[in-house]
Every structure is written in structure tokens, then in C-alpha cells.
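Engineer: no letters, just coordinates:
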């Protein structure tokens with residue numbers, strides 16, 4: 001964990017998901033002190049892209065989207081020392097890591113992932 005760059009990272013929620021050959025959970029950000037989901041940036045096909053930004057408390061940014069509505073999650077208490085594990089997707093979570101029998105998974109290839117209008121955000125205080 002000490003080899004990663006420490007700073008603010010920006011992008012769209014769709015950019016946070018890597019389309020592995022077999023869809024699986026991905027895009028987890030460890031030791032994250034804050035994550036902001038902001039209003040839509042643009043429309044791609046029929047899906048509205050939501051802005052993503054996250055990083056250290058020291059690097060909280062101000063930019064052109066300051067007045068945009070959104071959601072801000074920040075670490076507090078004991079989690080302030082180590083940060084949180086967070087991820088966000090614009091794909092149904094059931095598309096990733098389906099049942100034990102992977103042949104029964106509803107989406108069996110990354111190219112079959114279909115984005116949706118809803119954004120799902122997962123926040124873990126601890127990851128084992």
C-alpha cells in the first residue's frame with residue numbers, strides 16, 4: 001500500500017469498472033478518505049455518466065463542479081487513520097461474482113455488461 005500515489009483521482013463511475021473476461025467485483029479503492037459522486041457529466045447512449053472523485057482529506061478539491069449536487073462520503077473516527085474501502089458502479093451488482101456455479105452467472109462475459117441509470121456505491125469500514 002505504500003507504493004501507490006497519494007492524491008485525488010477523478011473520472012466517471014463507468015470508468016471505475018474494468019470489464020474482465022468473466023465479470024467480477026473490481027474497482028475497489030482502499031485507504032480512501034473521501035469519495036464524492038457528483039451530478040451527471042454527460043450522456044453515453046441511454047446512460048447518464050456520474051462523476052467520481054476521491055482521495056485524501058488533504059487533497060479535497062474545488063473545481064468547476066462545486067455547485068453540482070451529489071453525495072460525499074468521508075472517513076471519520078477510527079477509520080480516519082486508515083481510510084475506507086469504497087467502490088461504485090453503474091452496472092447491477094448481480095452482474096459481478098454470481099453464484100458458486102459460474103456457469104449460472106447471468107452475465108458471463110465482460111462484453112455483455114450493460115450499464116444502467118442507477119449508481120451503486122459500496123463502503124466498507126474494514127476489509128479482511
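Structural biologist: Thanks, I have it. If you're wondering where the values come from, they're calculated on a predicted model, not measured in any experiment. Numbers count the residues shown, from 1 in each chain.
Engineer: buried residues in stretch 19-39, which are they?
Structural biologist: Neighbour-count burial for stretch 19-39, with 16 or more other Cβ atoms under 10 Å as criterion, is recorded at 23, 27, 29, 31, 32, 33, 34, 35, 36, 37, 38. Bear in mind the C-beta positions are built from the backbone N, C-alpha and C, glycine included.
Engineer: for the first one, give me its contacts.
Structural biologist: Spelled out, that is residue 23. Neighbouring residues of residue 23 by Cβ atoms under 8 Å, 6 or more residues apart in numbering: 91, 95, 96, 97, 105, 107, 108, 109, 110, 112, 113.
Engineer: so how far is residue 25 from residue 113?
Structural biologist: 13 Å (Cβ to Cβ, to the nearest Å).
Engineer: in a markdown table: the contacts of residue 23, plus distance to residue 122, pLDDT and neighbour count.
Structural biologist: What follows is the contacts of residue 23, written out as a markdown table (distance: Cβ to Cβ, whole Å; pLDDT from 0 to 100; neighbours: other Cβ atoms under 10 Å):
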| residue | distance to residue 122 | pLDDT | neighbour count |
| --- | --- | --- | --- |
| 91 | 12 | 88 | 21 |
| 95 | 14 | 86 | 20 |
| 96 | 11 | 84 | 19 |
| 97 | 12 | 77 | 14 |
| 105 | 19 | 82 | 18 |
| 107 | 18 | 86 | 17 |
| 108 | 22 | 84 | 15 |
| 109 | 23 | 86 | 12 |
| 110 | 19 | 86 | 16 |
| 112 | 22 | 88 | 11 |
| 113 | 17 | 88 | 19 |
